[in-house]
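Undergrad: kindly generate the corresponding structure for this input.
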Amino acid sequence: MASLTTGAVQEIANLQREDGRQRLRELLKWKKFDEERDLRPSILLDFVYESLVFAVKKGFPWHAVALVIKISQDIFNDCKDLSVTKSVELLRNKLSKCETQLAQNHHLAFLDFLMDTFIRHHGLYQFVVRGEREVDCTVIELQVHTPPNPLPLSEGTDSQVWQYQQRMATLTGDENQKRISMLLLKETAYHETERRLDMLYKDFAVQDTGTLQRQVLEKVVQDAVRSQVEVLEEILLKEVQLSLEILELKLQQKTLPCPNTSPTLTNSPASTKTETTAGSSSKTSFARAPKGKKR
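TA: Numbers count the residues shown, from 1 in each chain. Got it, this is the predicted structure:
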């Protein structure tokens, strides 16, 4: 197991936690690993680094801090297959061999540290070190839809013209929908009239006793006429309403202001110049008229 020099231990102790962990890994000559996927080396590195920090805070000599690092690695690796009792026994044996290198107070402090950390969580450490981890990696392929390439500006439409076209298309679509509703209304009225007449004919057939009476015939005719009038009245009211709505849509189409995107010719410099030239020529011809008359 690799051991550190006192200078290396001092260097690690003066660094921040994460920098110190990575420097400790480099000095122990461990390969770089993924902290999230490789839990075994990550937990071992944490345990060894915490042992180093504990020894520095307790005032261990630098050579004793390096010895603490070596003992921590040995205990972590040697106790992965042992029970708690055997692990405690192994821990005491290793520390007893280092009594000459550690002061008694440091020896007891480090023993208490190992009992409160490693031995207390012995089962958890064994589970992480010995248990095989299942790696569940889900890969999802996402299709990226890039925005379409914009058309050249020469092929574009002015915003006011586009809004006018959209509004006109909406009004035209509403008008067509109203006309379709009127056709469906007439068809519905025709079927409703046929249905009511069929009901009257059925009632008349039931009441037919072989002799056609005048009162019965008059009643049948009156019922038929009343039924027709009710249907026509209802249909006419709906048709009038639809006609008004269609006229309103047509009026909106006629009064919708059309955007003027082309420049007017009345205010152009060319037209002004032309008018000025024409005016000057007329004045010239008018001024020369008396000379011709005098001649």
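
Undergrad: so how far is the helix or strand hosting residue 169 off the chain centroid?
TA: Assignment of secondary structure by DSSP states H and E places residue 169 within helix 159-207. Distance of helix 159-207 from the chain centroid (C-alpha atoms, centre = their mean, to the nearest Å) equals 43 Å.

Undergrad: what do you get for stretch 45-56?
TA: Taking C-alpha atoms, centre = their mean, one finds stretch 45-56 lying 45 Å from the centre of the chain it belongs to.

Undergrad: quick one: residues in contact with it.
TA: 9, 12-13, 17, 20-21, 24-25, 28, 30, 64-65, 68-69, 71-73, 76, 106, 110, 113, 117-118 (C-beta atoms under 8 Å, 6 or more residues apart in numbering). The way it works is simple: take the backbone N, C-alpha and C, and place the C-beta from them, glycine included.

Undergrad: likewise for stretch 226-236?
TA: By C-beta under 8 Å, 6+ apart, stretch 226-236 touches 185, 186, 189, 192, 193, 196, 197, 200.

Undergrad: redo the residues you listed as a markdown table? Include pLDDT, distance to residue 227 and neighbour count.
TA: Compiled in a markdown table, these are given as follows (pLDDT from 0 to 100; distance: C-beta to C-beta, whole Å; neighbours: other C-beta atoms under 10 Å):
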| residue | pLDDT | distance to residue 227 | neighbour count |
| --- | --- | --- | --- |
| 185 | 81 | 18 | 16 |
| 186 | 79 | 17 | 11 |
| 189 | 77 | 12 | 17 |
| 192 | 77 | 9 | 15 |
| 193 | 75 | 7 | 17 |
| 196 | 73 | 4 | 17 |
| 197 | 73 | 7 | 14 |
| 200 | 68 | 7 | 15 |
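
Undergrad: what's the mean pLDDT across stretch 62-81?
TA: On average, the pLDDT along stretch 62-81 is 84.

Undergrad: thinking again about what came up before, between the contacts of stretch 226-236, which is closest to residue 170?
TA: Of all the contacts of stretch 226-236, residue 185 has the smallest distance to residue 170: 22.5 Å, by C-beta to C-beta.

Undergrad: just checking, that closest one touches residue 237?
TA: No - with contact defined as C-beta atoms under 8 Å, residue 185 does not count as touching residue 237 (10.4 Å).

Undergrad: quick one on the thing from earlier: after the helix holding residue 169 comes which helix or strand?
TA: Assigned by DSSP H and E, the successor of helix 159-207 is helix 214-255.

Undergrad: now do that next one and helix 159-207, the angle between them.
TA: If you take axes from the mean of the first three to the mean of the last three C-alpha atoms, to 10 degrees, helix 214-255 sits at 180 degrees to helix 159-207.

Undergrad: what's the offset of helix 214-255 from the middle of its chain?
TA: 53 Å.

Undergrad: same thing with stretch 242-256?
TA: Distance, stretch centre to chain centre, for stretch 242-256: 42 Å (C-alpha atoms, centre = their mean).

Undergrad: list the contacts of it.
TA: Contacts with stretch 242-256, where a contact means C-beta under 8 Å, 6+ apart, come from 164, 167, 168, 171, 172, 174, 175, 178, 179, 181, 182, 185.

Undergrad: are any of those residues buried, and which?
TA: The neighbour count (16 or more other C-beta atoms under 10 Å) marks 164, 171, 174, 175, 178, 182, 185 as buried among those.
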